[in-house]
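S.K.: here is a sequence with its predicted model. Questions after.
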Amino acid sequence: MTSHQRVWLIRHGEGLHNSSGRHNSCDPLLTQQGLEQAAALHGHKDLIACDLLVVSPMSRAVQTAVAIFGKKPSCRVVLSPLCSERYSGRCDAGRPKSQLLASFPFIASWDGFESLPEHWTHTKTSDFDWLRCRAPAFVAWLRSQTESRVAVVGHGCFFTSLLGTYLGNCEVAEMPDVAALIKTIRGDSTISDSERCHAAEALTPVAISFRTELEAMLGDELPEVRCHAARVLGNFGETAADVAEKVAVAEKLVPLLDDSAACVRSRAAEALGFFAEAASSHVHRVAGLLNDVDDEVRQNAVWTVGQMMKTRGIVSVVGERSQCKRRRLNAGDASLAMQIAALLKDGNSAVQWYTLEALGHIGEVAADIVADIVKFLEYTDGELRQIAVWSLGQLGSAAASATKQIARLLQDPDTSVQCAALEALGEMGEAAAQDYRNDVVGLLRHPDMQVRRSAVSSLRHFGALCGNSAKEVANLFGDPSPAVRYAAVEVFEIMRQAPPVIEKLDDLLEDPDPDVRAMTVAVLSKHRKTQLHAEMLLPLLRDSEPVVRLAAVKLVAGMHDVALTLRAAAVELLDDQAAEVRTAAAAARSKLQQDDLEDRRCEQVAEVGLGGW
């Protein structure tokens with residue numbers, strides 16, 4: 001590694017998923033605006049002299065790199081899956097190597113292409129520990145390269161771990177050297193306090209790979225160093241899989257709750273919130289800060305108590321008709337709930353907001369606390385009205401007395417409050433449906449997409465009365481918003497008997513949104529399986545999106561007397577690019593083979609029976 005290596009991180013240009021807000025397509029391309037954003041970086045003063053270019057093997061990153069540096073840059077180019085996006089949805093899944101090459105033939109000359117596996121992409125399961133494993137591994141690989149000026153084209157969330165901030169599309173930022181920062185903080189007496197504080201402030205989430213050094217910094221003489229060490233260790237609680245390790249780190253943070261510096265108490269309390277259940281045995285220690293003189297300390301303390309308590313005493317309540325699990329939480333500690341509720345009278349609105357959220361996480365609370373929450377429904381602050389009505393919805397039956405006040409917010413001028421009120425009524429289920437179903441149905445025609453979607457979702461929880469709204473919900477099959485269409489289709493999944501309007505669903509098998517197509521397949525497999533024919537299902541088994549192929553092959557596995565064309569298409573999916581589709585295809589083949597054997601046995605029994613007759 002060169003001793004003066006500098007690394008510039010470049011987030012890709014605007015992608016189709018960024019502009020649409022829909023993140024359900026695999027490996028989306030850049031929009032025209034994204035291509036223009038990238039082209040504008042050509043000749044950038046910090047990039048023009050780079051001698052190493054590292055590119056994520058996702059289409060939007062490759063397109064961005066080409067627009068800035070060309071297909072054959074003068075420097076060495078490396079294609080590295082280490083810097084692909086953190087997996088949070090299908091938009092973060094890359095295409096197989098062969099498909100990527102078909103779209104961008106020039107990448108065959110880039111370093112790293114030969115060693116890239118055909119199915120290289122990260123998944124939700126494989127990328128769970130990305131912050132502790134993949135991000136540090138990428139930094140270590142970068143520092144092992146001999147080039148002194150490096151440009152990396154990649155993604156927003158992944159780069160946040162290296163920078164501590166989220167980059168905009170085609171924004172450029174220099175990556176700090178975490179190892180050098182740690183060295184400065186842990187340096188000798190020749191390094192000034194201001195230098196050490198500045199270095200601590202610059203630490204990014206990936207610094208959790210220096211866990212031992214961070215834990216030692218918790219005892220540093222400078223409060224700023226203690227504060228930022230606690231901040232970074234919070235990332236450990238959020239991402240680590242090993243519970244014992246999380247408990248051990250949480251134990252190191254707890255003493256800082258009594259620190260003389262408010263900034264340290266605040267960061268320690270906040271960090272423990274990311275450990276949640278692993279630190280829940282310390283909930284009363286954190287609750288001791290609910291009366292702290294510092295606003296930020298109280299705010300972080302009540303947030304953390306809420307995070308800890310929502311993991312305790314979880315009991316699933318299953319709706320009589322919908323079979324949808326709805327979580328009801330009970331803290332089992334009324335005095336703590338009352339202690340939290342006292343902050344509803346706090347003079348700081350941020351403290352009040354997090355108090356309302358914490359009470360919602362706790363679940364069942366005393367009736368007088370419900371009355372205090374209801375008061376916030378009349379506040380002029382829309383954010384407080386929204387979180388208050390959300391909190392009441394989480395309380396479920398404990399907030400039944402507030403149903404009328406919640407229903408009034410269906411006409412609130414703030415659409416986010418309307419959505420929260422709809423969701424709260426949905427949480428209350430059939431009890432709210434008796435009196436307010438018509439009010440909810442009326443909002444299916446609201447001009448705001450979010451309100452329409454929330455109205456549909458609310459109806460989904462209304463049990464038997466949901467079926468009475470089938471016609472109105474089916475009118476949304478043609479809604480311009482894919483999110484609303486998806487929610488409308490989903491309603492029919494919970495119905496015991498399909499209403500006549502279910503036939504309208506056939507048209508959605510060709511919906512442009514893959515999630516809508518997949519949900520349509522799931523609903524039809526429940527209500528109209530025997531009426532589906534090969535001509536309808538064959539295109540779905542060959543759909544471009546894995547989520548649709550997965551739904552289709554599961555449907556085929558549950559069918560009897562499957563057409564030969566469908567069998568052949570299902571077998572083809574044994575080599576699908578998506579692992580979950582391959583697994584489902586193997587299960588379908590096994591199921592169909594078992595059905596065939598059973599059919600043959602039945603035929604043999606019938607023949608023997610006829611012969612005996």
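M.R.: Noted; the coordinates are in hand. Residues are numbered from 1 along each chain as shown.
S.K.: the protein - how does it break down into domains?
M.R.: Using automatic domain parsing, the domain parsing of the chain gives 6-175, 176-309, 537-613.
S.K.: of the ones you listed, which shows the lowest average pLDDT?
M.R.: Note on the domains of the chain: lowest mean pLDDT is at domain 537-613, with a mean of 80.
S.K.: any idea how far it is from the chain center?
M.R.: 33 Å (Cα atoms, centre = their mean, to the nearest Å).
S.K.: repeat that for stretch 373-386.
M.R.: Relative to the chain's own centre, stretch 373-386 is displaced by 27 Å; criterion: Cα atoms, centre = their mean.
S.K.: helices of the stretch 101-250 of the chain, start to end?
M.R.: 134-144, 156-163, 178-185, 193-201, 211-217, 223-239, 243-253 (DSSP state H, counting those that start in this stretch).
S.K.: got a list of what the spatially most central residue of the chain touches?
M.R.: Centroid-nearest residue in the chain, with Cα atoms, centre = their mean: residue 88, separated by 5.2 Å. Residue 88 sits next to 23, 157 when contact means Cβ atoms under 8 Å, 6 or more residues apart in numbering. No exception for glycine: its C-beta is placed from N, CA and C like everyone else's.
S.K.: on the three-state scheme, it is what?
M.R.: At residue 88, secondary structure determined by DSSP: H, G, I helix; E, B strand; the rest coil is coil.
S.K.: how close does it sit to residue 130?
M.R.: 10 Å (Cβ to Cβ, to the nearest Å).
S.K.: try residue 540
M.R.: From residue 540 to residue 130 the distance is 32 Å (Cβ to Cβ).
S.K.: could you do residue 347 as well?
M.R.: With the distance defined as Cβ to Cβ, residue 347 ends up 41 Å from residue 130.
S.K.: show residues contacting stretch 536-550.
M.R.: For stretch 536-550, using Cβ under 8 Å, 6+ apart, the contacting residues are 24-26, 90, 506, 509-510, 514-515, 517-518, 521, 551-553, 555-556, 565-566, 569-570, 572-573, 576-578, 580-581, 584.
S.K.: list the contacts for residue 122?
M.R.: Residue 122 neighbours (Cβ under 8 Å, 6+ apart): 81, 84, 86-87, 92-94, 130, 134.
S.K.: residue 443 is nearest to which of the domains of the chain?
M.R.: domain 6-175 (20.9 Å; Cβ to Cβ).
S.K.: off-centre distance for that closest one?
M.R.: Counting by Cα atoms, centre = their mean, domain 6-175 comes out at 20 Å from the chain centroid.
S.K.: residues in contact with residue 245?
M.R.: Residues counted as contacts of residue 245 (Cβ under 8 Å, 6+ apart) are residue 236.
S.K.: how much space between it and residue 295?
M.R.: Separation of residue 245 from residue 295 (Cβ to Cβ) stands at 32 Å.
S.K.: over to residue 515?
M.R.: Residue 515 is 42 Å from residue 295, where distance means Cβ to Cβ.
S.K.: pretty sure residue 26 sits against residue 89.
M.R.: No: counting by Cβ atoms under 8 Å, residue 26 sits too far from residue 89 to count as a contact (9.8 Å).
S.K.: just want to know which of those two has more residues nearby.
M.R.: Taking neighbours as other Cβ atoms under 10 Å, residue 26 and residue 89 compare with residue 26 leading, 22 against 14.
S.K.: before I go, just wanted to say thanks for your time.
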